[in-house]
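Novice: dropping the sequence and predicted coords here.
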Amino acid sequence: MATNNSQPNTETKEEKFSVNKHSNEISIYTLRNNNGIEANITNFGATLFSLYIPTKNGKTDVVLGFNTIDEYIKAFEIGASPYFNAIVGRFAGRIKNSQFSLNGKIIQLDQNHGKHHLHGGKYQLSNVAWNFENYNEDENAITFSYLSKANEYYPGDVNIEVTYTLTENNELNIKYKANTTEDTLLNLTNHAYFNLDGISGNTLNQKLQVNAEKFLELDSENIPTGNFIAMENHAFDFRNSKNVVAGVDHCFVLKNNNEPAAILESETNGLTMKVFTDQPAVQIYVGGKTSEELQNKNLVEYHTESGICFETQVFPDAPNHEDFPNAILRKGETYHQNTTFQFINQK
């Protein structure tokens, strides 16, 4: 892992970077750019705590979330976490019957979603304290690291680094890097719930475009069947921009080009978000409703259309389908992923 070149000891490190200590292990780190964007990120789950964007209606927090770090922790403790804006893994998405084959051996994972495995299960990355590695002043970037130890489910000690960068082009970039001591399964993503109208808005009032021609067919338990559905003449046909549709929780197969994977637009706030990624797919999920036991930001009551997620990744259940993109990380190889969210104020 990278060495800690600039561990902050004070409340304010410098103009573009500051840190607010929550406990001995957990803090909130702030990145700012010269255009008024502010990204607050906590090392608990390497989670995007809030993201303030200047809009025609004022500065707007465009990601859902809880009021405090304690609520994020509580959500996992009571088994009701929506994975708000956290890094997800070791495997983002579902794995059928919680098992897959690796090097001729059946690997049995824990069943935390009915009989299936979801988002890394018992030893997931979203509910642990990551290590703050450093702040890179030249790039306006912070890096977190986490050592995911081999366990009774996942083989290999996996060293993971995640770097958040806030640019002067109003881009929030997330870079992932990992290596393993044994062959293992790895598929990481960020589970941010966006709403360009703010946390009390409704995503069905925003427009979505996806750079895909097809998405994965699902069975009755939301597990990929191995078949694909053409977007043409389907309710989820977002090839051209149209309003977000309720009930989306599907993996869209991205075209292999340099166009944005997805574009989200708000006429209310005059804001556009473009998603760029080097991954083969984006799992788009519309949701956000939370348990009544938890306190959301500003005590807003989230509903099933409060947020929209763009989980850039390989396909769900990838290791159980030979024709799906590879999700096996081999010893000696390095995992890389690069995803960018760019914000544009409409003229």
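Specialist: Happy to help now that I have it.
Novice: just the strands in the stretch 51-200 of the chain please.
Specialist: 58-61, 87-88, 94-95, 99-102, 105-108, 117-118, 131-136, 141-148, 158-166, 171-180, 184-185, 189-190, 193-194 (DSSP state E, counting those that start in this stretch).
Novice: who's residue 107 bridged to?
Specialist: residue 100 (DSSP bridges).
Novice: didn't it look like it was pressed against residue 97?
Specialist: No - if you go by Cβ atoms under 8 Å, residue 107 and residue 97 don't touch, sitting 11.4 Å apart. Backbone N, C-alpha and C define where each C-beta goes, glycine included.
Novice: after the helix or strand harbouring residue 19 comes which helix or strand?
Specialist: For residue 19, the host element (DSSP states H and E) is strand 17-21. Downstream of strand 17-21, the next assigned helix or strand under DSSP H and E is strand 27-32.
Novice: strand 158-166 and that next one, what's the angle between them?
Specialist: 40 degrees (axes from the mean of the first three to the mean of the last three Cα atoms, to 10 degrees).
Novice: pairing partners for strand 27-32, with directions?
Specialist: strand 17-21 (antiparallel), strand 38-42 (antiparallel).
Novice: what is the mean pLDDT for that strand?
Specialist: Averaging pLDDT along strand 27-32 yields 98.
Novice: so what angle separates the directions of that strand and strand 141-148?
Specialist: Going by the same axes, to 10 degrees, strand 27-32 is angled at 150 degrees with respect to strand 141-148.
Novice: redo the strands paired with strand 27-32 as TSV? Include mean pLDDT, mean neighbour count and distance to residue 232.
Specialist: Below are those laid out as TSV (pLDDT from 0 to 100; neighbours: other Cβ atoms under 10 Å; distance: least, Cβ to Cβ, whole Å):
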stretch	mean pLDDT	mean neighbour count	distance to residue 232
strand 17-21	96	17	47
strand 38-42	98	22	37
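Novice: can you tell me which of the ones you listed is nearest to residue 329?
Specialist: Closest to residue 329 of those is strand 38-42 (Cβ to Cβ; 24.7 Å).
Novice: could I have the CA atoms of that closest one written out in PDB?
Specialist: Output in PDB follows, covering the C-alpha atoms of strand 38-42 (Å, rounded to 0.1, in the frame of the first residue of the first chain):
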ATOM      1  CA  GLU A  38     -17.500  19.700  -2.300                       C
ATOM      2  CA  ALA A  39     -17.100  15.900  -1.900                       C
ATOM      3  CA  ASN A  40     -17.200  14.600   1.700                       C
ATOM      4  CA  ILE A  41     -15.900  11.000   2.000                       C
ATOM      5  CA  THR A  42     -15.600   8.800   5.000                       C
END
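Novice: list the contacts of residue 127.
Specialist: 44, 45, 72, 73, 76, 81, 86 (Cβ atoms under 8 Å, 6 or more residues apart in numbering).
Novice: neighbour count, distance to residue 101 and pLDDT added to those, as TSV?
Specialist: Formatted as TSV, these follow (neighbours: other Cβ atoms under 10 Å; distance: Cβ to Cβ, whole Å; pLDDT from 0 to 100):
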residue	neighbour count	distance to residue 101	pLDDT
44	24	34	98
45	31	29	98
72	26	35	98
73	17	35	97
76	17	30	97
81	24	29	97
86	27	28	98
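Novice: so of these, which ones are in helices?
Specialist: 72, 73, 76 (DSSP state H).
Novice: thank you, goodbye.
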